[in-house]
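Asks: Quick one: sequence and predicted model below, then my questions.
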Amino acid sequence: MLKGCEPLPRRRCHPKSPSGYVEPTPFPASLWTIPPDTSIIWDAYSCKNYTCLVNRGNAKGSYDCKDCFNLNGREKVRWQYDNGNLDFGIDSVLETKPPGTIRIGLDIGGGTATFAARMRERNITIVTSSMNFDGPFNSFIASRGLVPIHISIAHRLPFFDNTLDIVHSMHVLSNWIPDIMLEFALYDIYRVLRPGGLFWLDRFFCIGKQLNTTYVPMFDRIGFKKLRWNASRKLDKGMEMDEWYVSAVLEKPMT
């Protein structure tokens, strides 16, 4: 998919429906409710029920977004508070713009769409891009009453120029993406943001020497205005690893 392969080829057929499907939980209770196991088909996943996914955070092994199906864990407090360092609160970010002017946006690689859920509680509509990496991410997002979109970072964003008020990404946009592809992605984010729109870069990961030689010049080339820019060491593997996170709120210039 990083090379541009299409994950959803067009075909003339009916997808298989889950057996015993029931109506979803009514909104707004659906935002924080685990859906019934009969809401999806489990054939493609190693977990065969939501209990398994919710408890996967305690299991051994590496999984994409390992604990984000547990809506009563870390998901419950994400973006609720601003610690003045890497963790920005939603309300403090929204305060950078006039009230009511952040209305629609995109969360890139948003896991199970908790960011979109928090924004929906503030009457803001967020589309969440997510891939089903050994978990029914898109179905889970939809069960919450939110809007998923199944695209990879290699795809051109399916929005017209100058339309979105905010784009957010946590962890996904980092140094694992080849520099050329990352720059294309950032230019595409710039394209879809309206003048004055916000790009919330949430915990961008890189090595220290990359920060000033590669990534700061890249952001400067694209032309974002820095409203907030906090860089801090990632210390869980030790100081000698020289690993860094950056959290930033960037603005597309008005002209």
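Replies: Yep, that arrived.
Asks: Three-state assignment for the residue most central in space within the chain, please.
Replies: Central residue of the chain (Cα atoms, centre = their mean): Gly110, 2.4 Å from the mean position. Look at Gly110: counting by DSSP: H, G, I helix; E, B strand; the rest coil, its state is coil.
Asks: Can you name the residues that contact it?
Replies: Residues in contact with Gly110 (Cβ atoms under 8 Å, 6 or more residues apart in numbering) are 116, 126, 128-130, 141, 168, 170. Backbone N, C-alpha and C define where each C-beta goes, glycine included.
Asks: got it, and Ala44?
Replies: Residues in contact with Ala44 (Cβ under 8 Å, 6+ apart) are Asn132.
Asks: Are we agreed that it is in a strand?
Replies: No. Secondary structure of Ala44 (three-state DSSP): coil, not part of a strand.
Asks: how close does it sit to Cys65?
Replies: Ala44 sits 16 Å away from Cys65, going by Cβ to Cβ, to the nearest Å.
Asks: Do you know the pLDDT at Tyr21?
Replies: Looking at Tyr21, its pLDDT stands at 93.
Asks: so what's it up against?
Replies: Here Tyr21 is in contact with 38-39 (criterion: Cβ under 8 Å, 6+ apart).
Asks: cool, and Thr33?
Replies: 25, 71, 143-144.
Asks: Which one (most neighbours) among these?
Replies: Greatest neighbour count in the contacts of Thr33, by other Cβ atoms under 10 Å, goes to Arg144: 27 neighbours.
Asks: mind checking how far that one is from Ser30?
Replies: As judged by Cβ to Cβ, Arg144 and Ser30 stand 5 Å apart.
Asks: Now do stretch 164-180, average pLDDT.
Replies: Here the average pLDDT along stretch 164-180 is 94.
Asks: Can you point out the buried residues in that stretch?
Replies: 164-170, 172-175, 177 (16 or more other Cβ atoms under 10 Å).
Asks: Centre of the chain to that stretch, how far?
Replies: Distance of stretch 164-180 from the chain centroid (Cα atoms, centre = their mean, to the nearest Å) equals 9 Å.
Asks: what's in contact with it?
Replies: By Cβ under 8 Å, 6+ apart, stretch 164-180 touches 2, 97, 101-110, 115, 124, 126, 153, 182, 185-186, 189, 192-194, 197-207, 210, 214-215, 218.
Asks: can you pull the contacts of the closest residue in space to Pro136 that isn't next to it in sequence?
Replies: Leaving aside its sequence neighbours, Pro136 sits nearest to Ile40 (Cβ to Cβ, 6 or more residues apart in numbering; 4.8 Å). Contact analysis of Ile40 by Cβ under 8 Å, 6+ apart lists 18, 136, 139.
Asks: Please apply the same query to Asn230.
Replies: Neighbouring residues of Asn230 by Cβ under 8 Å, 6+ apart: 85-86, 246-248.
Asks: just Ser19 next, same as before
Replies: Taking Cβ under 8 Å, 6+ apart, we find Ser19 in contact with Thr38.
Asks: How about Phe224?
Replies: With Cβ under 8 Å, 6+ apart, Phe224 has these contacts: 190, 199, 250-252.
Asks: What is the nearest of those residues to Cys52?
Replies: For these, the minimum distance to Cys52 (Cβ to Cβ) is 35.3 Å, reached by Phe199.
Asks: before we move on, the earlier item: max pairwise distance over the contacts of Phe224: which two?
Replies: Using Cβ to Cβ, the pair of these lying farthest apart is Tyr190 and Glu251, separated by 10.6 Å.
Asks: Overlap in contacts, these two.
Replies: Counting by Cβ under 8 Å, 6+ apart, the common neighbours of Tyr190 and Glu251 are 199, 224.
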